[in-house]
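In: Sequence below, structure please.
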Amino acid sequence: MPATSRHALVTGGNRGIGLGVAARLLADGYDVTVTSRSGTLGDDAPAGLRVVACDVTDPASVDAAFTEAEAAAGPVHVLVANAGITSDGLLMRMGEEEFGSVVDTNLAGAWRVLKRASTGMIRARYGRVVLVGSVVGLYGGPGQANYAASKAGLVGLARSVTRELGGRGITVNVVAPGFIGTDMTASLDEARQATYLQAIPAGRFGAVDDVAAAVSFLVSEQAGYVSGAVVPVDGGLGMGH
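Out: Got it, this is the predicted structure:
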C-alpha cells in the first residue's frame, strides 16, 4: 500500500510538534487529518490538511472525530497520538486536578485514540502507531511528576499493545523528544536557555523537523520490523532512555 493511499491522523496537530509531523506526513504523500479541540487550524497550517474537532479526554468526542475522518478519507492506517498538556508544580503543591488532568489527557487520551484506531487496523491487518512521549518520561523533571508519569506510561502502553497486536501487521512505537525549539523556548531568557543547552550534548535545541523526521521513519515501510521501541530525539540529553 503506497503512502498516497494511506490515511494518517495526528491528534493535537494544529500547532507545534503535531503540526510539524502532520506537514511532514502530508509531504510524504499521506492523506492527513489532524485533530484540535476547536476543530480549526491556524494560518500557518499547510494547504491540504483536514481538521476535525476532538477532545481526547471524552470517549464520545474521540469516536465522533474518527467517524468524521473516516467518512472523508477512509480507515486510519497511521495514528500519531500527540495531543498533550502540562500543568507543572512541585509535588507538595500539586493538586488532584493538576495531576489527574495531565494523566487523563496525555496517557488515557492516547489509549482512547489508539483503541479507536485499532479496530480498522486489525481489520486491515496493517497499522502504524506513534505515541509522542518525552525525554522527561524516563529522565524525570522537577515539578513535572504528573507530566513525567503520563509520558512514562506511554512506553508501557506501546509495548503492551505491541504484544497484543504485533502479529496483525501493527507497530506501536514511542518517539521521545527532548528540548525542542518552539515559541515556549524562545520566550525563555538567555541565562535559562544557556543552562538548558549545557545539559544537551548536541549543544543545540531540537527542531520540530527533527521529531517529524523520526515519526516519518517509524510509520514507513522501512520500519515495519520496529515495534515497542522508544526513539529518543533529544540531542543525547537522555542518553537513550
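In: What residue in the protein is the furthest from its centre?
Out: Distance from the C-alpha centroid of the chain, by Cα atoms, centre = their mean, peaks at residue 191 (29.5 Å).
In: name the element that residue belongs to?
Out: helix 190-198 (DSSP states H and E).
In: In PDB, please show the C-alpha coordinates belonging to that helix.
Out: C-alpha atoms of helix 190-198 as PDB (Å, rounded to 0.1, in the frame of the first residue of the first chain):
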ATOM      1  CA  GLU A 190      19.200  33.900  27.700                       C
ATOM      2  CA  ALA A 191      20.500  32.700  31.000                       C
ATOM      3  CA  ARG A 192      17.800  30.000  31.300                       C
ATOM      4  CA  GLN A 193      18.400  28.900  27.700                       C
ATOM      5  CA  ALA A 194      22.200  28.700  28.300                       C
ATOM      6  CA  THR A 195      21.600  26.400  31.400                       C
ATOM      7  CA  TYR A 196      19.500  24.000  29.300                       C
ATOM      8  CA  LEU A 197      22.000  24.000  26.500                       C
ATOM      9  CA  GLN A 198      24.800  22.900  28.800                       C
END
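In: what is the mean pLDDT for the helix or strand encompassing residue 156?
Out: Here residue 156 sits within helix 145-165, counting by DSSP H and E. Averaged across helix 145-165, the pLDDT comes to 98.
In: who does it touch, helix- and strand-wise?
Out: In terms of contacts (3 or more Cβ pairs under 8 Å, 6 or more residues apart in numbering; DSSP states H and E), helix 145-165 is packed against helix 96-103, helix 109-124, strand 127-132, helix 136-139, strand 170-177. Heads up, the C-betas are built off the backbone N, CA and C, glycines and all.
In: Show me the shaky parts of the chain.
Out: For the chain, applying pLDDT under 70 flags the ranges 1-4, 183-185, 187-188, 241.
In: Many thanks, have a good one.
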